[in-house]
Every structure is written in structure tokens, then in C-alpha cells.
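*Asks:* Predicted coordinates and the sequence they were generated for:
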Amino acid sequence: MPGRERPLRKVLVANRGEIAVRILRALREMGIRGAAIYSEPDRRGLPVVLADEAHPIGAAASAESYLRAAAIVELARQIGADAVHPGYGFLAENAEFAAMCATAGVTFIGPPAEAMAAMGSKIESRRLMRAAGVPVVPGGEEALADLDQAASFAESIGYPVMLKAAAGGGGKGMRRVEAADQLAAAYRAARSEARASFADDRVYIEKFLVRPRHLEIQVLGDTQGKLVSLGERECSLQRRHQKVVEEAPSPVMTPELRQRMGEAAVRAAAAVGYTNAGTVEFMLDASGDFYFLEMNARLQVEHPVTEWVTGLDIVRAQIEIACGKPLGPEFDTVEPRGHAFEVRIYAEDPYRNFAPSPGRLRRLRWPDGPGVRVDAGVYEGDEVTIHYDPLLAKLTVWGGDRGQALARLDRALAELRIEGIRTTVPLFQALLEDDDFRRGDLDIEMLDRKLSNGELRAERPAELADLGALAAAVEHVERTARIAAVSPPARRDRWRQTARREGLR
Amino acid sequence: MPGRERPLRKVLVANRGEIAVRILRALREMGIRGAAIYSEPDRRGLPVVLADEAHPIGAAASAESYLRAAAIVELARQIGADAVHPGYGFLAENAEFAAMCATAGVTFIGPPAEAMAAMGSKIESRRLMRAAGVPVVPGGEEALADLDQAASFAESIGYPVMLKAAAGGGGKGMRRVEAADQLAAAYRAARSEARASFADDRVYIEKFLVRPRHLEIQVLGDTQGKLVSLGERECSLQRRHQKVVEEAPSPVMTPELRQRMGEAAVRAAAAVGYTNAGTVEFMLDASGDFYFLEMNARLQVEHPVTEWVTGLDIVRAQIEIACGKPLGPEFDTVEPRGHAFEVRIYAEDPYRNFAPSPGRLRRLRWPDGPGVRVDAGVYEGDEVTIHYDPLLAKLTVWGGDRGQALARLDRALAELRIEGIRTTVPLFQALLEDDDFRRGDLDIEMLDRKLSNGELRAERPAELADLGALAAAVEHVERTARIAAVSPPARRDRWRQTARREGLR
Amino acid sequence: MKLIVEHRGRADEVVVDRQGEVWLVRVGETDYEVDAVTVAGTARSLRVAGSQYEVDLAHLGDGRYEVSRGGWVEELRVQDPLAYLAGRAHGAVAEDSSQTVTAYMPGRVAAVLVEEGARVAAGDGVLVLEAMKMENEIQAERDGVVGRILVGLGEAVEGGDPLFELD
Amino acid sequence: MKLIVEHRGRADEVVVDRQGEVWLVRVGETDYEVDAVTVAGTARSLRVAGSQYEVDLAHLGDGRYEVSRGGWVEELRVQDPLAYLAGRAHGAVAEDSSQTVTAYMPGRVAAVLVEEGARVAAGDGVLVLEAMKMENEIQAERDGVVGRILVGLGEAVEGGDPLFELD
């Protein structure tokens, strides 16, 4: 209901981990009571400890707790929560959940259910985007009639192109074509493979983007119809399509491109009647053309890098928009200041092919000081369980320029200590030694490529080679002395005699 | 030697606590090796743990460690340090130490010894400032000849004025005069009191500032002669002349006043040939006039609030200036963005008239997340000793405007946990409830006034009254059960029987 | 289990009863259902009627606890009813007119302001302790005569050390 | 005290001698003077020739230590020389061709990919463990025949639990 401002007194945070903490922080700053929910193993979790209220929501498995849409809406009603913030993941992009909230009279802090549904479908959203004049990867889902049509279509969008099976998936029936003279052979091969795999030999053509970058635009829209772009984030560093490192601004961004991309993002959001925070993802190719990929209809994991360079508080803005408040003048001309990085600290072992590494956090020291922010979901002594996403914390840094931000990231990682489990920290340390990363020469395949090449091996710090031996040997002697000190004298004497006899001391 | 750039490879940090940590962080970000020094009780201190090198410098007493100028210079030479950073306190404003460094060929990261000496003398610096056209509190150290001269002088600077004993100190022979008709009586009384106290009845007159604010301007000067102002900090909240809370910008600042005050500060620094970082302190009275107070020829405790609103790194700038690097264009037009606060967390017990509270930090949780920075000199498990300044950490926050920064400070203090010793945190929580503070209605006497009035009593959080009883009772029962569980069965049974017989269960 | 908890200047009867995962606690006339867990170390999370309170709980020995909640600190004593009654009876008898004043913080004796046998009024300074670059006057809490002074100028003292007698 | 430290793929003789506040340590042919203190918990600060190293040191039992330095982790074993020699002699005899593969992480068995008695090559998947929203294939480390499979589909396992035999 545009124009009507409703103050919120209590908000249910329907999530866990670092994002629940982030939302609870915003609520406390706004004087709104924050209610956490928790599954059985999360009773001692950081969100519960920092919340004003905490309510059990079920068993460990997400399906029996954080995904129980009906139970969460009912809980919100019971405890008198005016609104629900879904965070990201779990129910954040579940249009049905948003609709259930509306039915129960509980404000859903996010986009309208219809906008969410429209953006949730890949085919539907591509159609809407084309109609709204937002560039989409050229090509089509429609099958090609014959080789001639393929040739003229490929000519029209420009090589390289990709042939894809209409019924396809899993790489079957896909052929990359670099130039016109390869088309005929590739067309035959793709059709025959498609027929063999899917009993359907129809293929279609799409532009092939060479080592594209992943750029995304953060948008905000209020319920009065104002929609703004807060600028881009570069998220090209992904491991198996999972973002690992993000930064803002993008090293290749120009004011002109930022404006065009921002306008495209705002058009995209406007096309579906979007309000609240959302992210429009684009692929940017080497020639500077960009194409709509998808829209994430929610708060994004990596929102802090935008907060660093714009000085805006995106979660606060989300809550104000949900209250019906219009976006203020500070959102009108948003220019990035300095440079920010985010690294996602996962409980994964980079020495063991990123296998999950749950366990007790024996030691934890977050970095701090100038230009460093940590959004953590865990504390020292906490238990990282196997039940949920392995994201422990997001370390974000800011510097006056990209070089200073890199130096700060390096310093922050050197200060950081996480002991008891393995994390992705050594990967970031290796990346900081990588020339392509340092130069900002990124593409979405780069991280997987370098990992499989062995280019990103985490190296032992170049220092005292015998450090481990020194530390362990001294510790061992001290332990032995401690144990001897508490043993009965008789036993200790015997041990000492044996040692002497055998010439060990 | 202006113009010559000398890269630094190793810097000795001649300090301890949070400021040593701050400097070590900057050095690491610049790829310069950081060497810490430590007194005997500081071997396990955070600066040592974070340093690349650490060297013992003597016993606990400052005079036998951190103040040993000659030993520190000799150590710098021995370990091949190119420069020394003195931090604040200890040797930071010791012109002789700066000169010793120069003699030993070690760069002193700070102003030239001569500038430091000139600003070190109150009378000399006031004379220099007057000559440079920097406003100084009107009045004079010269004795008045008679009542007539007093009257005409008072008239010329305007009432209220203060009569002070020329030989004076400790408030003796001081009289505040509100208006001309009080002058004759006050003049006689001041002279007679001065004669009785100092056997010298000469008195002089100075303008009396009514509830002035303490504002200061951060300046930076390179060795090429460029001097810039980074804007002001408001430091009016002081307890017994010790700053407690600082903010930037000042709530009463206007662009016009900032420009005038900044120019005055730059004139002040230029008058003594100042380079590197320094702070020019002013008193601002209710009519908007400001007067030079003194110049702090060093890095200031509260520099992070300026870093927050300007996005500049003052310690990095200090080191670059010491390398002979000129100040870049980012220092040309410095405009504050948003609003920042600092609260100084001291190991003092606000419930016991701010008595020192040393001890072991049983628990420590620093706040984090958006807009929060902690510069700490201690860690969980650390021992706060009686030997040094009680400053544990500086909590600084940033928000889009003063209101958001206040809300963030409130949130950060709610997240913070320091257990094992008492700290000044309850004072800040009380201040956040104070209307004058919230409105920015500050003066240098306000904190002492409110503390003695009992206006700033730290209140029990308005919540469950029986919380303490619940927590302690449950804990007691659990402890009792734990102890019973490890006792021999016979004893446990006897205890249980007793309990039953006496009807306690 | 029935207990006496001295808190906020009064003594309450508190009845604690474990019911599965939760505690049923009656303080005076009020009933609470409490879900209490240890977070880490001395940190506890208490849920009472949905509301969550993070407290830090230190046992000071002898049933005395320090409960703190970010700045605000409360000292309480938990005893079984008999021990409480016995303590009160003893306390009534043991009211002594002589007092040994102890240091509430560690420090170094920077000055001794009076001599043994001096008559002092409440608030008069007796000693000055120095710690963390600050001098702190130790004052007589009531009118009386200073008995033995148990520390000398320059001596280092720990928190709890006896400083002087006040008769 | 003379010790054998297995580290970085080799075994070094290490001689450790306490001299007042410092340790004199010889590793192989190199002498070090080490000032080692506990910072807090498992954190240690080592000063070697002025340079300062902050390490975390966990004892895994049986003379095995994990030394870590912010990301980089090293596992070492410290033994007295006789125990080391005895262990080597035993190890030489005990080289067994049968192996019980254990879980290197906790998880839930999401799939069993082969049957008991199946011949597998090094790198072939045998089981899939699921944890933290990811599936992780447990592979045969060498060619062989899968013996008994000790876990069932859907079963939860802890780190270190036996999964299957590889003969």
C-alpha cells in the first residue's frame, strides 16, 4: 500500500548464521525488537545469543525447521511480529511464503510475491527482459530449421556461438563454434548427439561469451515507485558457480558503462514491478557488451561491499522500504568511494578439494582496525555442524583505492585466526599472490581453471623452515614436565632413571 | 631532506597497547617490517603477538622501559630499523628523543624536533600564534598597573573576564568577573589572595570563555611544504581534562567555520615549520569565536573518527610523509562524509569513582558488522596490569548521519562484552540516554558537571527484574549437581538424606 | 530445591525445579519457565517467556555469584535456607566495632596521609594508592580512630590486601 | 632432551635444553635460541632471533602435534629416539595389504556406489557422504577389491568412523 508508513515494533528473522546476525544488528539500530528462530542444534548459535527473543522452530534438517513456511508464519503471528525478514537462501525467494505472510497480515521484507515469481522463471524473465529492452544473451530457445538458418543466425549474432540441444542439459548436444567454417560439422555432431541422448535432434543457437565477467547491479525500490541503482559488484571469482570473492567497483568499470548497466538494471526491476532490495546479474564480455543473466529477488550475501563504497545501509533501507518509507535524497546520486573486497570464509578444506570441515572452533580471532568488517555467524567455542551451508563469516575490507584494499585484505587475513577446523583462508592467501587477481584480470572460469592447473596452491609462509619443529619440540618437553610434575614421585624417579640409563637426557 | 624519497624496510614501534597495534597494522599493509618493544609484563601483549619482531626493552615501570630514549634509539640501530614511530604518550612529544633519532640516522616519524619544541612551550607557542594571526584567548601574562588599567582592558576584551595571579596556580588569586560593577571588588580580592598565597600581588586579566567547546583540527604536512586540514573533531566530553568521547563532524560546525578554523590551524602549523600529522586544539565559545589552545605534535588517540569521515588513513600518511612522499591529490579537498563517534574504553570502575580496575579479561567480545571499528590493545585471557594507562580499546562507529551513528554506538555497546574487570562502558550507555548529548549540546565542563550532579548514573537495563536471581539460582543448582556427581556415593547419599530430613527438597 | 537468594538489597525464597529441558523457577511470588544454556566459558543464554538474555556468570565462591549483562553487574548470594538463617544469626552477634580496611584494587602506596592513632571523619583520606597513572585516595568509610597501618610507602599491594585498621 | 621430530616429510633429531627463560634447540645441524610463551589457550608466541611467530599448537595425542600459523597447518610427531626406532621396526613388519577406509569428516551416507567384492581402481568412487549442503565422493586411494561396506545408506557417520575395507 504505497504511501502509508507503518512503524515496525517487532521483526521475526527467518534465517540463521551470519545473515541473521546482520539483520538483528540493523533491527537493534532501528529500535525494533528482533526475534530469532533456531533449529535444535542452533540453540547456542550467535543469532540466538544476540537476539531479543528466540523461538525453537524444529529439528536439525532444514526441511524440519528453517523451511517450515507455515510454522514460521504462524510463529510470527503468535509472537506479534509485524514483519518477517527472510535473509537469503531458505525461504527468501519463495513467492508462496511471501504470499502466506501477506495473507497472515505480516509484512514480508522483500519484493512483492508477483515480482519474485516473475524473476524466478528463467524463460519468463528472459522474455520480460527482452520486452523491456534489457540485453539478454543473443540466441533463442527456438529450434533451428536447417544449417542455412543456423549459418545466417550465427552470422547475425557473431561468432563464437554455442549450439545447444533444445531438450538438452548436462553438456550433451552442446558444441562451441569458433568460426563459420566449423559450423556445418558442429551442427551435424550436435544434432546426432542430441538425438542419441534425448531422442530429439532439435538444436538452437546462442552467442558464446568468451571468458565473461560476472557483474551485478544492486537496486533498491521504494513503494512510491522510485527505483535506484547503487552501482555494481564484480563477482567473477567463483568456484563451481559459487561466489568466493567479490569487489566493488569492478576493475573494468567506467562511469559510462556503470550508467548504462545501472539503467538496464532499473529497467529490469521496473518491468516486474520490483520493490525493496534486489540484484540484477549480468555477464560482461571482452568487447564491453553486457547481457542479463538473472535477478536475485532478495538481499545478497555480498551486499557489504556495496555498503562500504556507497556508505549506505542496505538492510536498514530494506526495513524502511517495508515500513512504506520513501527512499531519501542520499539514494539519488550514488558514487562509489574507494574500493572494497569481500572474501567468503567457508568451513571447507582447500587442501582436500574443499571438503566440508565441521567441528568445534577452538580458537577464533577476527581482524579489526581501519577498513575491516567481519560479518560472522559463529564465535570462539562454537560448534560448526554438518547441517547447513558452510559459510562461517564474510570478511570485507575497504581501502582508498584497489591497491590499498588488497593490502588491507592481506593484513586482515594475516591477523585472522581460525583453529579447530579448516577454512578457505589459504585460498585467499594464494589468490593475493596471483598476478591476474592483483591486476583485476578476472573471468568466471578463472578460479576453477587456476585450481585445476594447480596455480593456486596455498604456499607455506616463506619463513623459518623449522618453526613447526621448534614449536612442537618445546611444547612436548613442557608437556612431559607437566605430566611428570603431577605423577607420584616413585614413578617419576623410575622414569628419570630409565631416561638416564638410556642416555636420553 | 625535502624531495628525497626513502623507502622504509623496517620500523620500530616505540609504544605499547592499542596504538602500537594500530601502527603495526599500517606497517603490514605497506609491506614494511614492524618491530615491537615490550617491557617485562608486556611479553604476551597484543602488539608483540601481532609484530614481525619483538624486543625486550626493560622492566615494568615506564621509566625503565618505554621511556628509555637512548636504549630505544640504540635498539633501532642494532636491528637495522630505518625509522621509529613513537605513537602518542611516552616519547612522542620529546624533542630530545626526536633529535637523538636524527643523530643516529634513524627517521623519526613525526614533526621536526624544532617544531615540537616550539609547540611544547605554552608561552612561546601563544606568542608565535599571535604573531601568525591565529586567535589566542584575549588577555595577557603582563600584570595590571592599577584598577583603571584593569577596567579599560576588561572593557576592550569584553565581559566576563577572569583575573589571575601572575605568580599563580591552583586557583588561588583567581576571580571570575561577570560585569564591570563587580570589577573593583574582585580586583582587590584577587590581589589580596595573591599576596597571601604567593607573596606577590600582581594580577593579570584574561577573557573568560563560558562553557566553551573543545574542537580540534587534524593537519598533515609533507616535506615539500604542503600543509592541509582534514577537518575538525569535537572533543568536549572530558572527565577531569581527559577526553572520553569524540565525534566528527562537530554538531555545531558550518562549512564556513570549518574553513576558517582549518585555515587558522594550517597557519599555526606553518608558523613552526610543521610536517607530518598534528592536531591544533581550539576552544569555541557560544558566540562562535574560537581561540588557539595548544598544538599536539603527534598522532592523536582519536584519529580514527577523522579516518571514518574522510576515508583517509592518517598513520599510512604519516609513514609516507616520513619517506619523503608528497601528499597526493586526495588530500586537497577533504569533505566529511557521514558522522563518526569514538568512545574510549578505560579499565576504570564508573561505580567506584573511576578507580583503576586491573585484572584478567575473563571474557571479551568486540562488536562488529557495518560501521563498527575496534582498535584494541588487549585480547580475551589477557592481563590488564597496573603499570600503564588504563585505555583498553577505542570503539569507533560511523553512520550516514549523527542519528544513525548514535544508534550504531548504542547497538555496538549492547554487543560488547568485557568481563573480569570493570570498564567505562556503563558511562557511555548512560550518556546515550542523556538529552544534551543526544542533541549535541556539549561543553568541556558538561561531563564533570553531570557526573557530580548524579545525572549520568548507569542504570540497570529496564528488563526482567529477577534476571540475576534466575541466572544465579539455576547456576547454583547445576553446580551443586556437578559437585555431587563427582563426590563419593557415601557422602552424596548422606547429603541427600540430610536434605530430605530438613525438608529442603 | 528451595534456596535463599540475596539480590537487589533483599532476600528472596527461590524454588528451582528441573522439568526436562527447562527450569521452573519461583522467585518470591513469581513463576518463571527458564531455558538456560552455556554459550561458551562463563557466558549463558537464558530464555524466559521467549525473551532471550545473554548473561555472564562468575562464581566468586561460597554461593556468591556475579551476574553481568554488558556493563551492568549484580552481585548475588545463593544459600540453602538453613545456611542463610545460621549466617544471619552469626552476623547479628559478630557486629564488631573494629574494621580492617582492604585494598579494592592492586596498586602501589603513593602516600600515607595520617599517623597511627589519628582520629578521622568519614571521607577523610588515609592512604593514596597509585595504579594506571592515577592516584586514588583510600578514605575512611566512617568516623573513627586509625589503628595499625599495615602497609608502607612505596609498597605494592594486591586487591584484598589489608591496608589499615579503623576502630 | 633428545627427541625425534617427524616433520615436512623427514625425521630430524632435535635437542632441547632449557636455559633460564629461553630454550636452546638444535634441529639437525641448526641451533636456535627460542623464547616461547603461551598467549592464551592454544596460542603460543615464539621469538627466534628477535623475529616473532604466533602459532597455534594442538596436541592430538601420542606425541602428534598440529602447528598452525593462520591458514597454513603442519602435522608433526615428536617421540623419544627409542620409541621412534621401535615404531619404525614395527611399521616395517606391519605393512598390511588390507586397509579400512575411514571418514575424514562427519556426514550422512548419500549413496553407496559399488557392491562388496567389487574391483576398483584408484580414484573410483565408493561412497558419497553429504554434509553442509554438498556431496563428497569417498574414493579408493589405490587399486583393490572392496571388502565389507560398514555403513548403510542414510546412516550418519562421525569423522574417523570406518566406512569400508579395501583389500
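*Replies:* Noted; the coordinates are in hand.
*Asks:* Looking at chain C, which residue is nearest chain A?
*Replies:* Proximity of chain C to chain A (Cβ to the nearest Cβ) peaks at residue C:40, 3.3 Å away. From N, CA and C alone the C-beta is placed, and that goes for glycine too.
*Asks:* Looking at that residue now. What's its pLDDT?
*Replies:* In the prediction, the pLDDT value recorded for residue C:40 is 90.
*Asks:* what bridges to it?
*Replies:* The bridge-partner assignment for residue C:40, based on DSSP bridges, gives residue C:43.
*Asks:* I figured it was touching residue A:381, is that so?
*Replies:* Yes. Residue C:40 lies in contact with residue A:381 (Cβ atoms under 8 Å); the separation is 3.3 Å.
*Asks:* so where's chain C uncertain?
*Replies:* Across chain C, the stretches falling below the confidence threshold (pLDDT under 70) are C:90-97.
*Asks:* What segments of it are helices?
*Replies:* Listed in chain order, the helices of chain C (DSSP state H) span C:81-94.
*Asks:* residue closest to the middle of it?
*Replies:* By Cα atoms, centre = their mean, the mean C-alpha position of chain C lies nearest to residue C:75, the distance being 5.8 Å.
*Asks:* and that one, what does it touch?
*Replies:* By Cβ atoms under 8 Å, 6 or more residues apart in numbering or on different chains, residue C:75 lies in contact with C:60, C:64-67.
*Asks:* Give the ChimeraX command for selecting the buried subset of the residues you listed.
*Replies:* Those of the contacts of residue C:75 that count as buried under 16 or more other Cβ atoms under 10 Å in any protein chain shown are selected in ChimeraX with:
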select /C:65,66,67
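*Asks:* Quick check on the residue lying farthest from the centre of chain C: phi, psi?
*Replies:* Here chain C reaches farthest from its C-alpha mean at residue C:20, the gap being 33.2 Å by Cα atoms, centre = their mean. Summarising the backbone geometry of residue C:20 under the convention degrees, to the nearest 10, its torsions are phi 60, psi -120.
*Asks:* does residue C:147 really touch residue C:166, like I thought?
*Replies:* Yes. Shown here, residue C:147 and residue C:166 form a contact pair, counting by Cβ under 8 Å, at 6.7 Å.
*Asks:* tell me, what's touching these two both at once?
*Replies:* In the contact map built from Cβ under 8 Å, 6+ apart, the residues linked to both residue C:147 and residue C:166 are residue C:98.
*Asks:* Show me how the chain divides into domains.
*Replies:* Answering for chain A, as no chain was given. Following automatic domain parsing, chain A resolves into domains at A:10-109, A:138-207, A:344-435+A:457-505.
*Asks:* Chain C is the one I meant
*Replies:* Here the domain assignment for chain C is C:2-79, C:95-166, based on automatic domain parsing.
*Asks:* Just name the most buried of those.
*Replies:* Comparing these on average neighbours per residue, with mean count of other Cβ atoms under 10 Å in any protein chain shown, the densest one is domain C:2-79 at a mean of 18.
*Asks:* do you know which of the domains of chain A lies nearest chain D?
*Replies:* Checked against Cβ to the nearest Cβ, the stretch from the domains of chain A lying closest is domain A:344-435+A:457-505, at 3.9 Å.
*Asks:* Which member of the contacts of residue C:75 is positioned nearest residue B:100?
*Replies:* Sorting the contacts of residue C:75 by distance to residue B:100 puts residue C:66 at the head of the list, at 48.4 Å, by Cβ to Cβ.
*Asks:* which residues pair with the closest one across the strands?
*Replies:* For residue C:66, the beta-bridge partners under DSSP bridges are residue C:58, residue C:75.
*Asks:* Of the domains of chain C, which is nearest residue A:232?
*Replies:* Counting by Cβ to Cβ, and looking across all of the domains of chain C, nearest comes domain C:2-79 at 38.5 Å.
*Asks:* check contacts around residue A:120.
*Replies:* For residue A:120, the residues meeting the contact criterion (Cβ under 8 Å, 6+ apart) are A:93, A:95, A:297.
*Asks:* The last one is in contact with residue A:94, isn't it?
*Replies:* No. Distance between residue A:297 and residue A:94: 10.2 Å, which falls outside the contact criterion (Cβ under 8 Å).
*Asks:* Show me the common contact partners of the two, please.
*Replies:* Residues touching both residue A:297 and residue A:94 comprise residue A:116, with contact defined as Cβ under 8 Å, 6+ apart.
*Asks:* the more surrounded of the two?
*Replies:* Neighbours of residue A:297 and residue A:94, each counted by other Cβ atoms under 10 Å in any protein chain shown, are more numerous for residue A:297; the result is 27 against 20.
*Asks:* pLDDT at the more buried one, what is it?
*Replies:* Among the per-residue scores, residue A:297 holds a pLDDT of 95.
*Asks:* If you drop the residues flanking it in sequence, what lies closest to it?
*Replies:* Setting aside the residues directly before and after it, residue A:297 is nearest to residue A:116 in space (Cβ to Cβ, 6 or more residues apart in numbering or on different chains), at 4.5 Å.
*Asks:* now the contacts of residue A:120 as CSV including secondary structure?
*Replies:* Conversion of the contacts of residue A:120 to CSV gives the following (DSSP: H, G, I helix; E, B strand; the rest coil):
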residue, secondary structure
A:93, coil
A:95, helix
A:297, coil
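*Asks:* From those, pick the one nearest residue A:154.
*Replies:* Taking Cβ to Cβ as the measure, residue A:154 lies nearest residue A:297 of the contacts of residue A:120, at 33.6 Å.
*Asks:* For the closest one, give me phi and psi.
*Replies:* Taking degrees, to the nearest 10 as the convention, residue A:297 sits at phi -90, psi 60.
*Asks:* what sits against it?
*Replies:* A:93, A:110-111, A:115-116, A:119-120, A:274, A:278.
*Asks:* Among these, which are located in helices?
*Replies:* When those are checked against helices using DSSP H, the ones located there are A:115-116, A:119-120.
*Asks:* What residues does the stretch 201-350 of chain A have near chain D?
*Replies:* The stretch 201-350 of chain A has residues A:347-348 near chain D, with proximity defined as Cβ under 8 Å from any Cβ of the partner chain.
*Asks:* show me where the stretch 201-350 of chain A has helices.
*Replies:* Along the stretch 201-350 of chain A, the stretches classed as helices by DSSP state H, counting those that start in this stretch are A:255-271, A:303-310, A:314-322.
*Asks:* and among those, the most buried is which?
*Replies:* Sort the helices of the stretch 201-350 of chain A by mean neighbour count, taking mean count of other Cβ under 10 Å, and helix A:303-310 sits at the top with a mean of 26.
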